[in-house]
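>>> Build me a model:
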Amino acid sequence: MINNNFKDRTKLKVIRNEVMSTFDTDIRTKRRNRNLVYARAVYYRLCKDLTSHSLAEIGSCLRKDHATVLHGLKVFEGIVFNNDFYYVNAYEEMYDRLKVNYFINIRNQNDLKSKYYRYVNQNINLKEKNQHLNFIIKSQLKEIFKECREEYGYVPQTSYLKEKFDKINDMLEKIS
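This next block holds a predicted model:
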């Protein structure tokens, strides 16, 4: 039953509903306040990037014409140019969510390539942070044992502490 309901919806309606739920507003209204205009601009960009529908078809879902959609796409370029992170981040999150959840194909291969390189760079940054954390944890453990040796004259040699220390080292080796 859910599957049939999904098949009845078009990609434009799925995108529209995603935008409306993300921004918690009805983008079909005629009002023109900043939040609605920017939310519509995000909708237009998502539809343009994720579907092969014409500008007129994209606009018809919101009762707008192709010129309004074209203007909305320019508004989105202004959002990106001005680094309005709230809307840009919302766009990227919705883009990824729609692509994964609803199997919407990518039309422009350059977008896919730029996303790929962004994810590769994020992966590299995470690996560097991981190595840094690994170094910090190991150095902290060495300092703890050094303090134990200096303060108490020995390093605790109980099997429980050795076991915990070995588990921590194993975890650090798996992570890196």
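>>> The biggest helix by length in the chain - contacts with which helices or strands?
When the chain is scanned for its longest helix (criterion: DSSP state H), the result is helix 109-152. The contact analysis (3 or more C-beta pairs under 8 Å, 6 or more residues apart in numbering; DSSP states H and E) places helix 109-152 against helix 159-175. In this view, the C-beta of every residue, glycine as well, is placed from N, C-alpha and C.
>>> and this protein, what are its domains?
Annotated domains of the chain cover 2-107, 119-175 [automatic domain parsing].
>>> Least reliable of these by average pLDDT, please.
Among the domains of the chain, domain 119-175 carries the lowest mean pLDDT, at a mean of 73.
>>> okay, the helix or strand where Asp96 lies in CSV with CA atoms only?
Using DSSP states H and E, Asp96 sits in helix 85-101. Output of helix 85-101 as CSV, limited to C-alpha atoms (Å, rounded to 0.1, in the frame of the first residue of the first chain):
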residue,chain,number,x,y,z
PHE,A,85,24.8,28.9,5.1
TYR,A,86,21.3,28.0,6.5
TYR,A,87,19.8,27.7,3.0
VAL,A,88,22.9,26.3,1.4
ASN,A,89,23.3,23.6,4.0
ALA,A,90,19.6,22.8,3.9
TYR,A,91,19.9,22.4,0.1
GLU,A,92,22.8,20.0,0.3
GLU,A,93,21.2,17.9,3.0
MET,A,94,17.9,17.7,1.1
TYR,A,95,19.9,16.9,-2.1
ASP,A,96,21.6,14.0,-0.5
ARG,A,97,18.5,12.8,1.3
LEU,A,98,16.4,12.9,-1.9
LYS,A,99,19.0,11.3,-3.9
VAL,A,100,19.4,8.4,-1.5
ASN,A,101,15.8,8.0,-0.2
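>>> how near is Asp170 to Phe145?
Asp170 sits 17 Å away from Phe145, going by C-beta to C-beta, to the nearest Å.
>>> more neighbours, the two?
Between Asp170 and Phe145, counted using other C-beta atoms under 10 Å, Phe145 has the larger neighbour count: 14 against 10.
>>> count of neighbours near Thr68?
16.
>>> Now do it against Ala41, distance only.
From Thr68 over to Ala41 (counting by C-beta to C-beta), the distance is 11 Å.
>>> returning to that earlier point: list the buried residues for the helix holding Asp96?
Within helix 85-101, the residues scored as buried using 16 or more other C-beta atoms under 10 Å are Tyr87, Ala90, Tyr91, Met94, Tyr95, Leu98, Lys99.
>>> what does stretch 10-21 give?
Of the residues in stretch 10-21, Lys11, Leu12, Val14, Ile15, Arg16, Glu18, Val19 count as buried by neighbour count, 16+ other C-beta under 10 Å.
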